[in-house]
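A.B. asks: Okay, predicted coordinates and the sequence, questions at the end:
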Amino acid sequence: MLVTLIESVYNFLWGDLLTLPLGGVTLNLSLMVILLFTAGIYFTLRTRLLPMRLFRDMLDAVCEKKQGKQGGLSSLQTLVVSTATRVGMGNLVGVVAAVSVGGAGAVFWMWVTALLGASTSFVESTLAQKYKEPDPLYGGWRGGPAFYLHKLAERKRGKLLKKSVVASLFAVSGLICWCGISQVISNSVSEAFSNAFSIPPLMTTLALTALAAVIVLRKDATVKSLDVIVPIMAGCYFLMTLYVVFTNLPQLPGVLARIFSEAFGLRQAAAGGFGAVVMNGVKRGLFSNEAGSGSAPCAAAAAECDDPVKMGLVQALGVLIDTIVICSCTAFVMLLVPESVTAGLQGMNLLQAAMQYHLGGFGVVFIAVTLALFSFSTFIGILFYARCNVAYLFGDHWGWQTAYKLLALAMMLVGGVAAYTVVWDLGDVGIGLMTIFNMIALYPLSGEALTALQEYEKKKHLK
C-alpha cells in the first residue's frame with residue numbers, strides 16, 4: 001500500500017504531464033520539469049543573467065569570513081553545509097541514474113538546470129536570510145521556506161498566525177525527502193561496499209547506521225566536522241576524476257559531441273523521444289543541486305551576514321560547483337568507458353565498473369570510500385536542514401529533534417535492504433512536493449530579493 005502510494009505521487013510529480021510533438025519527435029514534460037524550467041528562466045531573466053554577470057561577486061561573498069557574536073555560521077560554512085548535501089548521492093548515484101536512463105544527453109540538461117537554477121537558488125536563499133530568526137535550541141539563526149511561507153501567509157491574512165498550512169506542508173515534505181535521502185545513502189553505500197570488499201549489505205548497513213547514530217544523536221552536533229570532511233572529499237574526488245579525464249584526453253571531444261547530440265534525443269528518438277532525456281537530466285540535476293527545492297535556504301538562513309544578497313550569491317555559486325563541476329566529473333568518468341563495459345549495469349555497479357576500467361581494483365575501492373564520506377556529510381547536512389522544519393512543526397523541544405533523528409536513522413537501516421528504485425522514488429516525491437510549496441512563496445516574494453539585489457549593486461558601484 002505504501003509503495004503504491006509513493007509510486008502514485010511520484011508519477012504525478014515526475015510522470016508525463018504534457019506531451020508536445022516537436023519536429024517529428026515527442027517531448028514529454030513532467031510537472032517538475034515545467035515548474036523548474038519556468039522558474040529558472042523567469043528568475044534568470046529578472047536577475048539579468050546573474051550566474052554569468054555576478055560570478056566574481058559570488059567568489060567575493062564566499063571569501064568573507066565575518067561571523068557575528070550570535071554564533072551564526074560564516075558564508076563559507078553555509079556553503080560547506082549546502083555542499084555537503086549537494087556533493088553526495090546526486091553527484092555519484094544521481095548522475096549514474098540520469099545517464100543510465102536518459103543517455104549522455106541528460107548531462108547537458110543537468111548543466112542547463114544548474115545555470116537556470118543558480119538564479120532560483122539566489123532568490124530563495126536571499127529570502128531565507130532576510131526572514132531568519134534566532135534559534136533558541138542550537139544557537140545562531142534558523143529559517144528557510146517554512147518561515148518565509150509563514151510570513152507570506154500572515155501578510156495575506158492580515159494577522160499573526162500560529163501555523164500556516166502551506167508552511168507546514170513544506171516542512172512535512174522536507175522531512176519526507178530527507179528520510180528518502182537517508183535510504184539512498186545506505187542503499188548506495190551497502191552496494192558499493194559489497195562490490196569493493198564483498199561485505200554483505202546488511203552488515204554494511206548496520207555499521208553505517210550505528211556510526212551515524214554516534215555522530216548525530218548528540219544534542220550539540222554541529223557542522224564543524226563538515227568543515228574538514230567536505231573540502232577533503234570533494235577535492236580528492238575532483239583531482240581523481242581530472243586524472244581520469246587527462247589520461248583519456250583524446251576521447252574527450254567524442255564524449256562532448258555525444259553529450260550535445262544526444263541532448264536533443266537524436267539517439268533516443270526511437271525509444272520515446274528526448275522528453276526522457278530532458279526529464280532525467282532535470283530530475284537528477286535538481287536532486288543534486290537542490291535549486292528551487294527549498295533545502296539550501298535552511299543553511300543560508302543560519303549565516304551571520306550583513307547583506308542577504310551575499311548569501312544568495314554564495315548559494316548560487318554552490319549550485320554551479322555541484323552540477324557544472326562535480327556532476328560533470330562523474331559523467332566523464334562514465335562516458336569515457338566503452339559501452340560494452342557498463343552494459344546492463346545500474347547504480348553503484350555501473351560507476352564502480354567504470355572506475356575499475358580506469359584505475360583497476362583501486363578505482364572500486366576509491367569509489368566505495370568516497371561514497372562513504374559523501375554519505376556521512378550528506379546525512380549530517382540533511383539533519384542540519386531538518387532542525388528548522390522540526391522546530392516549525394513541533395516547537396523548540398529537544399525531544400522532537402531527537403525523534404526525527406531516530407526516524408532518519410531507521411530509514412537509513414531500511415534503505416540498505418530496500419529496492420533501488422523504491423528508495424529513489426521516496427526522495428523524488430519529497431523533493432518534488434517541497435518544490436511545489438516553495439514556489440508558492442518564491443514568485444510573490446521574489447520582488448523583495450530583486451530589490452535587495454538592485455540596492456546591493458548600487459552600493460557596489462558607489463564604492
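C.D. replies: Right, received. Where do you want to start?

A.B. asks: Show me which positions of stretch 305-321 end up buried.
C.D. replies: 305, 307-321 (16 or more other Cβ atoms under 10 Å). All C-beta atoms are positioned from the backbone trio N, CA, C, and that covers glycine.

A.B. asks: Show me those that map onto helices.
C.D. replies: 308-320 (DSSP state H).

A.B. asks: possible to save those as CSV with pLDDT?
C.D. replies: As requested, these are arranged in CSV below (pLDDT from 0 to 100):
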residue, pLDDT
P308, 90
V309, 90
K310, 88
M311, 88
G312, 90
L313, 90
V314, 88
Q315, 87
A316, 89
L317, 88
G318, 85
V319, 86
L320, 86
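
A.B. asks: Same list (those residues) but as CSV, adding distance to A353.
C.D. replies: Listed next are these as CSV, based on distance: Cβ to Cβ, whole Å:
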residue, distance to A353
P308, 45
V309, 45
K310, 43
M311, 40
G312, 40
L313, 39
V314, 36
Q315, 34
A316, 35
L317, 33
G318, 30
V319, 29
L320, 29
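
A.B. asks: Would you point out the most distant pair within those residues?
C.D. replies: Maximum pairwise distance among those (Cβ to Cβ): 19.5 Å, between P308 and L320.

A.B. asks: Phi first, then psi, for G158.
C.D. replies: Phi and psi for G158, reported as degrees, to the nearest 10, are phi 70, psi 30.

A.B. asks: do the same with N248
C.D. replies: phi -120, psi 30.

A.B. asks: Touching, it and L336? I think so.
C.D. replies: Yes. If you go by Cβ atoms under 8 Å, N248 and L336 touch, sitting 4.5 Å apart.

A.B. asks: which of these two has more neighbours?
C.D. replies: L336 (20 against 16; other Cβ atoms under 10 Å).

A.B. asks: Report the contact partners of the more buried one.
C.D. replies: Contacts for L336 (Cβ atoms under 8 Å, 6 or more residues apart in numbering) come out as 244-245, 248, 251-252, 255, 354, 358.

A.B. asks: how far is stretch 118-128 from where the chain is centred?
C.D. replies: In this view, stretch 118-128 has its centroid 14 Å away from the chain centroid, taken as Cα atoms, centre = their mean, to the nearest Å.

A.B. asks: That stretch - what's its average pLDDT?
C.D. replies: Averaged over stretch 118-128, pLDDT sits at 93.

A.B. asks: Can you give me the buried ones in that stretch?
C.D. replies: 118-128.

A.B. asks: now the residues you listed in a markdown table, with secondary structure?
C.D. replies: Converted to a markdown table, these look like this (DSSP: H, G, I helix; E, B strand; the rest coil):
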| residue | secondary structure |
| --- | --- |
| A118 | helix |
| S119 | helix |
| T120 | helix |
| S121 | helix |
| F122 | helix |
| V123 | helix |
| E124 | helix |
| S125 | helix |
| T126 | helix |
| L127 | helix |
| A128 | helix |
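
A.B. asks: Name the residues of stretch 401-409 that are buried.
C.D. replies: 401, 404-405, 408-409.

A.B. asks: closest to A213 among the residues you listed?
C.D. replies: Distances from A213 to the buried residues of stretch 401-409, taken by Cβ to Cβ, are shortest for L409, at 5.5 Å.

A.B. asks: wait, is that closest one part of a strand?
C.D. replies: No. Counting by three-state DSSP, one finds L409 to be helix, located in no strand.

A.B. asks: And the buried residues of stretch 401-409, which is closest to S295?
C.D. replies: Distances from S295 to those, taken by Cβ to Cβ, are shortest for A408, at 14.4 Å.

A.B. asks: What residues does that closest one make contact with?
C.D. replies: Contacts of A408 by Cβ under 8 Å, 6+ apart are 178-179, 182, 216, 379, 382-383, 386.

A.B. asks: M52 too?
C.D. replies: Contacts of M52 (Cβ under 8 Å, 6+ apart): none.

A.B. asks: before we move on, which element is it in?
C.D. replies: helix 50-53 (DSSP states H and E).

A.B. asks: Now do that helix, average pLDDT.
C.D. replies: 87.

A.B. asks: Past it, which element shows up next along the chain?
C.D. replies: Downstream of helix 50-53, the first helix or strand assigned by DSSP H and E is helix 55-63.

A.B. asks: now the angle from that following helix to helix 308-320?
C.D. replies: Here helix 55-63 runs at an angle of 100 degrees relative to helix 308-320 (axes from the mean of the first three to the mean of the last three Cα atoms, to 10 degrees).

A.B. asks: Okay, buried residues for helix 55-63 please.
C.D. replies: Residues of helix 55-63 classed as buried: 57-58, 61-62 (neighbour count, 16+ other Cβ under 10 Å).

A.B. asks: neighbours around the residue nearest to L242 when sequence neighbours are not counted, how many?
C.D. replies: Using Cβ to Cβ, 6 or more residues apart in numbering and skipping the chain neighbours, the partner closest in space to L242 is C329 (7.5 Å). Neighbour count for C329, taken as other Cβ under 10 Å: 21.

A.B. asks: Make sure C329 is actually in contact with G235.
C.D. replies: No. Shown here, C329 and G235 do not form a contact pair, counting by Cβ under 8 Å, at 11.6 Å.

A.B. asks: Which stretches in the stretch 51-200 of the chain count as strands?
C.D. replies: Secondary structure of the stretch 51-200 of the chain (DSSP state E, counting those that start in this stretch): strands at 133-134, 141-142.
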